[in-house]
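> Next comes the sequence, and after it the predicted model I'd like to discuss.
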Amino acid sequence: MTEIELIVDSTEQDIFRPKNDEKQKKYYSEKQKSHRLKNQIIITDNGKEIVDVIVGERGPESDIILFKKQQKKFDKEQRFQGDKGYQGGERIDTPKKKNKP
(Lines give C-alpha, C1' and ligand atoms only; values in the text may rest on other atoms or scores of the structure.)
Protein backbone atom coordinates (compact mmCIF):
# COMPACT_ATOMS: atom_id res chain seq x y z
CA MET A 1 0.00 0.00 0.00
CA THR A 2 3.06 2.28 0.13
CA GLU A 3 2.50 3.31 -3.50
CA ILE A 4 -0.39 5.60 -2.46
CA GLU A 5 -0.51 8.39 0.09
CA LEU A 6 -3.12 7.81 2.81
CA ILE A 7 -5.23 10.58 4.34
CA VAL A 8 -5.69 10.84 8.11
CA ASP A 9 -8.17 12.97 10.09
CA SER A 10 -9.76 13.07 13.53
CA THR A 11 -13.16 14.00 14.86
CA GLU A 12 -14.53 14.47 18.37
CA GLN A 13 -17.91 13.67 19.86
CA ASP A 14 -19.51 14.85 23.09
CA ILE A 15 -20.30 12.32 25.80
CA PHE A 16 -22.31 12.62 29.00
CA ARG A 17 -20.26 13.70 31.98
CA PRO A 18 -18.94 10.58 33.74
CA LYS A 19 -19.96 10.18 37.40
CA ASN A 20 -16.50 9.06 38.47
CA ASP A 21 -14.22 12.07 39.22
CA GLU A 22 -11.17 10.35 37.74
CA LYS A 23 -12.99 9.60 34.47
CA GLN A 24 -14.28 13.17 34.36
CA LYS A 25 -10.71 14.50 34.35
CA LYS A 26 -9.60 11.90 31.81
CA TYR A 27 -12.23 12.79 29.19
CA TYR A 28 -12.63 16.54 29.79
CA SER A 29 -11.38 18.71 26.94
CA GLU A 30 -10.35 22.11 28.29
CA LYS A 31 -10.31 23.49 24.75
CA GLN A 32 -13.91 22.42 24.00
CA LYS A 33 -15.16 22.81 27.60
CA SER A 34 -16.91 19.43 27.51
CA HIS A 35 -16.33 15.70 27.98
CA ARG A 36 -15.39 14.13 24.67
CA LEU A 37 -14.23 11.04 22.80
CA LYS A 38 -11.89 11.26 19.82
CA ASN A 39 -12.02 9.09 16.70
CA GLN A 40 -9.38 8.92 13.97
CA ILE A 41 -9.76 7.49 10.49
CA ILE A 42 -7.27 6.71 7.72
CA ILE A 43 -8.56 6.47 4.16
CA THR A 44 -7.12 6.04 0.66
CA ASP A 45 -6.32 9.16 -1.33
CA ASN A 46 -9.45 8.77 -3.47
CA GLY A 47 -11.62 8.54 -0.33
CA LYS A 48 -13.28 5.29 -1.38
CA GLU A 49 -11.69 2.87 1.10
CA ILE A 50 -11.31 3.01 4.87
CA VAL A 51 -7.91 1.62 5.80
CA ASP A 52 -7.92 1.95 9.61
CA VAL A 53 -10.06 3.44 12.39
CA ILE A 54 -9.48 4.29 16.05
CA VAL A 55 -12.66 4.87 18.07
CA GLY A 56 -13.26 6.12 21.59
CA GLU A 57 -9.91 7.61 22.63
CA ARG A 58 -9.73 10.36 25.24
CA GLY A 59 -10.97 13.70 23.87
CA PRO A 60 -8.01 15.75 25.13
CA GLU A 61 -5.53 13.45 23.30
CA SER A 62 -3.84 15.45 20.51
CA ASP A 63 -4.21 14.39 16.88
CA ILE A 64 -0.47 13.86 16.41
CA ILE A 65 -0.11 11.61 19.50
CA LEU A 66 -3.05 9.50 18.34
CA PHE A 67 -1.54 9.30 14.85
CA LYS A 68 1.86 8.18 16.16
CA LYS A 69 0.18 5.24 17.89
CA GLN A 70 -1.77 4.33 14.76
CA GLN A 71 1.19 4.81 12.40
CA LYS A 72 3.04 1.85 13.95
CA LYS A 73 0.61 -0.50 12.16
CA PHE A 74 1.87 0.60 8.74
CA ASP A 75 4.99 0.01 6.66
CA LYS A 76 7.89 2.35 7.47
CA GLU A 77 7.76 3.71 3.89
CA GLN A 78 4.04 4.60 4.01
CA ARG A 79 3.30 8.31 3.40
CA PHE A 80 0.34 10.17 4.90
CA GLN A 81 -1.43 13.48 4.43
CA GLY A 82 -3.11 15.39 7.27
CA ASP A 83 -4.23 18.80 8.48
CA LYS A 84 -2.35 21.22 10.77
CA GLY A 85 -3.12 19.02 13.79
CA TYR A 86 -0.55 16.54 12.47
CA GLN A 87 2.39 18.93 12.07
CA GLY A 88 5.63 17.49 13.38
CA GLY A 89 4.84 13.88 12.50
CA GLU A 90 7.12 11.64 10.48
CA ARG A 91 6.18 10.74 6.89
CA ILE A 92 3.11 12.99 6.96
CA ASP A 93 2.56 16.00 4.70
CA THR A 94 0.69 18.90 6.30
CA PRO A 95 -0.18 22.41 5.09
CA LYS A 96 2.70 24.85 5.37
CA LYS A 97 2.37 27.42 8.13
CA LYS A 98 2.05 30.94 6.71
CA ASN A 99 4.29 33.60 8.20
CA LYS A 100 2.54 36.80 9.22
CA PRO A 101 3.96 39.95 7.58
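Nice, thanks for sending it over. The shown structure was predicted, so the numbers you read here are calculated from the model rather than taken from an experiment.
> what mean pLDDT would you report for the longest helix anywhere in the chain?
Ranked by number of residues, the top helix in the chain under DSSP state H is helix 63-71. In this model, helix 63-71 has an average pLDDT of 90.
> That helix - contacts with which helices or strands?
Packing partners of helix 63-71 (3 or more CB pairs under 8 Å, 6 or more residues apart in numbering; DSSP states H and E): strand 6-14, strand 34-43, strand 50-58. Where C-beta positions appear, they are placed from N, C-alpha and C, glycine not excepted.
> Contacts for that helix, please.
Residues outside helix 63-71 that contact it (CB atoms under 8 Å, 6 or more residues apart in numbering) are 8, 10, 38, 40, 42, 52, 54, 57, 78, 80, 82-83, 85-92.
> same thing but 7 Å
For helix 63-71, the surrounding residues in contact (CB atoms under 7 Å, 6 or more residues apart in numbering) are 8, 10, 38, 40, 42, 52, 54, 57, 85-86, 88-89.
> Distance from the chain centre to that helix, please.
Remark: helix 63-71 is offset 6 Å from the chain centroid, using CA atoms, centre = their mean, to the nearest Å.
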